[in-house]
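1. Generate a structure from the sequence data that follows.
(4 chains)
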There are 2 protein chains.
Amino acid sequence: MPYIPTQNAWNGEADCRTCSVRGSVLFAGLQQNDFDLIHQPIDDIAVPAQGRVYHVHEPGARVFTLRSGLVKLVQYLPDGSQRIVRLLRGNDVLGLEALLGQPYQHDAIALTAVELCAIPREVVAVLAREQPALHTELLKRWQQALSDADVWLTELSTGTARARVARLLLRLAGPRPVEAFRLLGREDIGAMLGLTPETVSRTVAELRRQKLLREQGAGLFTVDAPALRRIADGG
Amino acid sequence: MPYIPTQNAWNGEADCRTCSVRGSVLFAGLQQNDFDLIHQPIDDIAVPAQGRVYHVHEPGARVFTLRSGLVKLVQYLPDGSQRIVRLLRGNDVLGLEALLGQPYQHDAIALTAVELCAIPREVVAVLAREQPALHTELLKRWQQALSDADVWLTELSTGTARARVARLLLRLAGPRPVEAFRLLGREDIGAMLGLTPETVSRTVAELRRQKLLREQGAGLFTVDAPALRRIADGG
DNA sequence: CGTCAATTTGACTACAATCAAATTACGTGG
DNA sequence: CCACGTAATTTGATTGTAGTCAAATTGACG
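-> Numbers count the residues shown, from 1 in each chain, chains lettered A, B, ... in the order given. Alright, predicted model coming up:
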C-alpha cells in the first residue's frame, strides 16, 4: 500500500521574470540580462495539500524552489513502510539531483497547499555557468541539505519517543517560538521519528496534558520551548 | 565522556603528483598540465586506527580522498551520546564542506589504519574552475553523500534490531558477498543503528548461532546474503 | 445528519534498555 | 612465550518503553 493515488501538479504561468524566484536567495544577484539567457519557460506551479511535486525514479527534468508551504521527501523500504527523510519549507530547493541528470530520489509530497517555481535543469546549468555567485549558492544548498540530513538522523531517530517528539516540536515551532504553528498528522510524525502513530498520539497527548504544547484554536499550537528543550536533551 | 584522546594524523610526502589520487575517480581525466596549476602541496597522510582525520568545528582547510581503510563520521547529541552518520571507504571523499569555507560538520575518525590525500581547498577550487569534468564529479560526490545519508536513515534506523543488524551486515559484506570482511566494534555498530552495545551483541550472537554470519578465522566473516536479505526486508 | 478517515484510548505483548556479573580478547611488560 | 591488567564482549535478570491489536471517539466533509 505504498502508493497514494497521485494528485498532479497544476501548471500555471508559462514565464515568470517577475516571479519571486528573483527575490529568493537562490537567484538573488542575478541581473536583467542574465534572465535573457533563459530560453526555456520557468513554470509557476501550485500543488494542493497531499499532491505530489515529483515521484521517485521519475527522470529529473526540473529543479524546484519552494515559495510557500511545506513539502516532505519520502523514501520507501522494501516492506512498503515509509520514512520521511526531510521537510522543506519556504525558499528551500528540491530536486537538485536533476542537475546531474539523475532521476529523483524521493517522493516529494505537499503537506500543505504549496507554491513553487519549476526550473528546467538546462536553465540552472546555463545560469550557473555564467554566474559564479549562483553557482556557489547551489553548492551551499547542496551542503545544507546534507547537513540537514545528518541533523535529522541524529536528532529525530535517537532517544525515547518523548525526546524525539519534543525535538520535532521545537523544530516545527521555529527558531523563536513566538508564532503558532500547525501540527502534522500522527502518521507523518511517526514516519519522521520512526514511531507508530499510536505512540505519537499518546506522547503528544501527554505533552498537552502537561501544557508543554498548547492549542490556540484553529488547530494552531504553541510550545513551552525551555521545558521541551529539557526533555529533548534527555531530561 | 564524548572525547577520545586525540591521536593526530601523521604527515608524509609533501607533494604527490605520482600519488594515487590521480587514479581515483575524482581526479581521473586530469592532464599533466592541470597539475601545473597546483601551487600548494597535496599531502599524503596516514592515520592509525582510532586516529582523527579532522575534528568537528575545526576550520575546513582541506578536502580528503580516502585511498584505503575505513572512516566514520560522528555527530554528537547534547547529552554526549554519539551517532555515526556515515561510513566512508576507498575512493570516497570527505570534508567537502571545506570547499564552501565552512568548518567541518563531524568528527572523522579512522576505524582501521587509513591512507588519504589531503588537498587544500584552494587547489580543488582552481582545478574545478579549469576542469568542468572534475567539477561535475564533485557535484556527483556531493549528491552521492546526500543519497547515502538518506538510505542510511531509512535502512539503518528503521525496524527491529534484527532487521537493522541484517541490513548493516549486508552493507559491510559489499555488493557481492564473496570476500570476507571485518566486523566493527559493538559500540560502533550500536552508534550506527541507534541500539545499545548489549542489544547488538545479542543480535549478532543469534545470527551466528543460526549460521547466517560465519567466522572464517582471523576475525573475518562471511554472510548468508539471501537469508539476511529476508530478515532485512522484514521476514 | 450520516459516512468515512483520523485520532485517541485501552489492554496486552514483545522488544530493547538497563544494571550487573562473568568471560573473553588483547596489549604490555616481565 | 607467558602472566598480568585492562578493555571489550557476552550473558543473565529485570524493568521500561514502544508495538500491536482492537474498540471507542472525534472530526471533516458531503
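
2. Quick one: the strands in chain A, in order.
-> A:10-11, A:43-47, A:52-54, A:62-68, A:71-76, A:82-88, A:93-94, A:107-110, A:114-120, A:181-182, A:213-217, A:220-223 (DSSP state E).

3. and those, which one is worst for confidence?
-> Among those, strand A:10-11 has the lowest mean pLDDT, at a mean of 45.

4. Roughly how far does A:Thr67 sit from A:His135?
-> In this structure residue A:67 is Arg, not Thr. Going from A:Arg67 to A:His135 by C-beta to C-beta, to the nearest Å gives 22 Å. For every residue, glycine as well, the C-beta is placed using N, CA and C.

5. Now do the buried residues in stretch A:215-231.
-> For stretch A:215-231, a neighbour-count test (16 or more other C-beta atoms under 10 Å in any protein chain shown) marks A:221, A:223-225, A:227-228, A:231 as buried.

6. Same question for stretch A:79-99.
-> In stretch A:79-99, counting by 16+ other C-beta under 10 Å, buried: A:82-88, A:91-99.

7. coming back round to it: could you provide the strands of chain A in JSON lines, with additional columns for distance to DNA strand C?
-> Putting the strands of chain A into JSON lines (distance: least, C-beta to the nearest atom of the strand, whole Å) gives the following:
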{"stretch": "strand A:10-11", "distance to DNA strand C": "22"}
{"stretch": "strand A:43-47", "distance to DNA strand C": "18"}
{"stretch": "strand A:52-54", "distance to DNA strand C": "16"}
{"stretch": "strand A:62-68", "distance to DNA strand C": "22"}
{"stretch": "strand A:71-76", "distance to DNA strand C": "14"}
{"stretch": "strand A:82-88", "distance to DNA strand C": "14"}
{"stretch": "strand A:93-94", "distance to DNA strand C": "24"}
{"stretch": "strand A:107-110", "distance to DNA strand C": "13"}
{"stretch": "strand A:114-120", "distance to DNA strand C": "18"}
{"stretch": "strand A:181-182", "distance to DNA strand C": "11"}
{"stretch": "strand A:213-217", "distance to DNA strand C": "10"}
{"stretch": "strand A:220-223", "distance to DNA strand C": "11"}
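
8. circling back to that earlier point, A:Arg67 and A:His135: which is more packed in?
-> A:Arg67 (20 against 15; other C-beta atoms under 10 Å in any protein chain shown).

9. Please verify my assumption that that one contacts A:Leu94.
-> No: contact criterion C-beta atoms under 8 Å: A:Arg67 and A:Leu94 do not qualify, at 11.8 Å.

10. pull the CA atoms of stretch A:187-198 into PDB?
-> Extracted in PDB, the C-alpha atoms of stretch A:187-198 (Å, rounded to 0.1, in the frame of the first residue of the first chain):
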ATOM      1  CA  GLU A 187       1.200   9.200  10.800                       C
ATOM      2  CA  ASP A 188       3.600  11.700   9.200                       C
ATOM      3  CA  ILE A 189       5.100  12.500  12.600                       C
ATOM      4  CA  GLY A 190       5.600   8.800  13.100                       C
ATOM      5  CA  ALA A 191       7.300   8.400   9.700                       C
ATOM      6  CA  MET A 192       9.700  11.200  10.600                       C
ATOM      7  CA  LEU A 193      10.600   9.800  14.000                       C
ATOM      8  CA  GLY A 194      10.400   6.100  13.400                       C
ATOM      9  CA  LEU A 195       7.400   5.600  15.700                       C
ATOM     10  CA  THR A 196       3.900   4.200  15.200                       C
ATOM     11  CA  PRO A 197       1.000   6.700  15.000                       C
ATOM     12  CA  GLU A 198      -0.300   5.300  18.300                       C
END
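
11. what's near enough to touch the residue nearest to the spatial centre of chain A?
-> In chain A, the centroid-proximal residue (C-alpha atoms, centre = their mean) is A:Leu88; its distance is 1.4 Å. For A:Leu88, the contacting residues are A:66, A:70-73, A:94, A:108, by C-beta atoms under 8 Å, 6 or more residues apart in numbering or on different chains.

12. follow-up on the earlier one: right, and the strands of chain A - which one's nearest B:Glu206?
-> Using C-beta to C-beta as the measure, strand A:82-88 is the one of the strands of chain A that comes nearest B:Glu206, at 25.4 Å.

13. For chain A, which residues are neighbours of DNA strand C?
-> Neighbours of DNA strand C within chain A, by C-beta under 7 Å from any atom of the strand: A:185-187, A:197-198, A:200-202, A:204-205.

14. Low-confidence stretches in chain A?
-> For chain A, the stretches with pLDDT under 70 are A:1-40.

15. Can you pull the phi/psi pair for A:Pro78?
-> Main-chain dihedrals, A:Pro78, degrees, to the nearest 10: phi -50, psi -30.

16. for the longest helix seen in chain A, which positions count as buried?
-> Counting by DSSP state H, the longest helix found in chain A is helix A:132-156. Residues of helix A:132-156 classed as buried: A:134, A:137-143, A:145-150, A:152-156 (neighbour count, 16+ other C-beta under 10 Å).

17. Let's have the contacts of A:Leu88 in a markdown table, adding distance to A:Met192.
-> As requested, the contacts of A:Leu88 are arranged in a markdown table below (distance: C-beta to C-beta, whole Å):
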| residue | distance to A:Met192 |
| --- | --- |
| A:Leu66 | 18 |
| A:Leu70 | 12 |
| A:Val71 | 13 |
| A:Lys72 | 8 |
| A:Leu73 | 11 |
| A:Leu94 | 17 |
| A:Ala108 | 15 |
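
18. so how far is A:Leu153 from A:Ala164?
-> Slight slip there: residue A:164 is Arg, not Ala. Distance from A:Arg164 to A:Leu153, by C-beta to C-beta: 12 Å.

19. With A:Glu206 instead?
-> 25 Å.

20. ditto for A:Glu187
-> Counting by C-beta to C-beta, the gap from A:Glu187 to A:Leu153 is 20 Å.
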